[in-house]
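In: please find the sequence and the predicted model below.
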Amino acid sequence: MQSILSLANNLQKDYPQLLFVAENEFRWAPDERTVFYDKSSSDMAALLHELAHGLLHHTTFRRDVELLELERAAWRHAADHLAPKYTVDITDDQVEDSLDSYRDWLHARSSCPNCKATGFQIKPSLYKCIACFETWKVNDARACALRRYKVTPK
């Protein structure tokens, strides 16, 4: 079985338009056209997933639900096109576990801090409750603790 460093080296040769950098996390940085990967991990599926973001030209998203679609598309591309080419096994369970983390993130952001009903996103960091009409801001919270702040009307 190949190591993640070996796979990254092969990917760098096959995709010279992108940069592959060993770090301590997996992520795609569109502005730098760089795939960062955890050099101490053996999660080659995650590396292919981040590469898929780059190959699909994923950049930013305006609505939180769009992030879930970007993640789904990257997993689909990694599983259908990249995994067979590099003989990496990507299981449906692995994909769904990853997507579940984004679904949980989306649900937590959209839960009203006042009544716990599900709200809707009205601006990139702003939500409104359909039950009690509370408005709240959220932080990015993909790599840190989620924070929701009630917005007081002016």
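Out: Received the coordinates, thanks.

In: tell me how far the nearest residue to Glu25 once chain neighbours are set aside lies from Leu18.
Out: With CB to CB, 6 or more residues apart in numbering as the criterion, Glu25 has its nearest non-adjacent residue at 5.7 Å, and that residue is Asp38. In this view, the C-beta of every residue, glycine as well, is placed from N, C-alpha and C. Per CB to CB, to the nearest Å, Asp38 is found 17 Å from Leu18.

In: try Tyr102
Out: Separation of Tyr102 from Leu18 (CB to CB): 23 Å.

In: contacts for the lengthiest helix in the chain, please.
Out: Of all segments of type helix in the chain, defined using DSSP state H, the longest is helix 92-110. With contact meaning CB atoms under 8 Å, 6 or more residues apart in numbering, helix 92-110 is reached by 45, 49, 64-65, 67-68, 71-72, 75, 79, 118-121, 127, 138, 141-142, 146, 148.

In: care to break the protein down by domain?
Out: Split into domains by automatic domain parsing, the chain comes to 4-107, 111-150.

In: turn those domains into CSV, including mean neighbour count and mean pLDDT.
Out: Output for these, formatted as CSV (neighbours: other CB atoms under 10 Å; pLDDT from 0 to 100):
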stretch, mean neighbour count, mean pLDDT
domain 4-107, 16, 96
domain 111-150, 14, 87
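
In: dump the residue contacts of the residue nearest to Glu25.
Out: Contacts of Asp38 by CB under 8 Å, 6+ apart are Ile4, Ala22, Glu23, Asn24, Glu25, Phe26, Ala46.

In: so how far is stretch 40-54 from its chain's centroid?
Out: With CA atoms, centre = their mean, to the nearest Å as the basis, stretch 40-54 stands 12 Å off its chain's centre.

In: re earlier: in helices only, show me the contacts of helix 92-110.
Out: Using DSSP H, those in helices are Ala45, His49, Asp64, Val65, Leu67, Leu68, Glu71, Arg72, Trp75.

In: tabulate these (JSON lines), appending distance to Ser110.
Out: Shown next, in JSON lines, are the ones in helices among the contacts of helix 92-110 (distance: CB to CB, whole Å):
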{"residue": "Ala45", "distance to Ser110": "28"}
{"residue": "His49", "distance to Ser110": "24"}
{"residue": "Asp64", "distance to Ser110": "7"}
{"residue": "Val65", "distance to Ser110": "9"}
{"residue": "Leu67", "distance to Ser110": "12"}
{"residue": "Leu68", "distance to Ser110": "12"}
{"residue": "Glu71", "distance to Ser110": "16"}
{"residue": "Arg72", "distance to Ser110": "18"}
{"residue": "Trp75", "distance to Ser110": "22"}
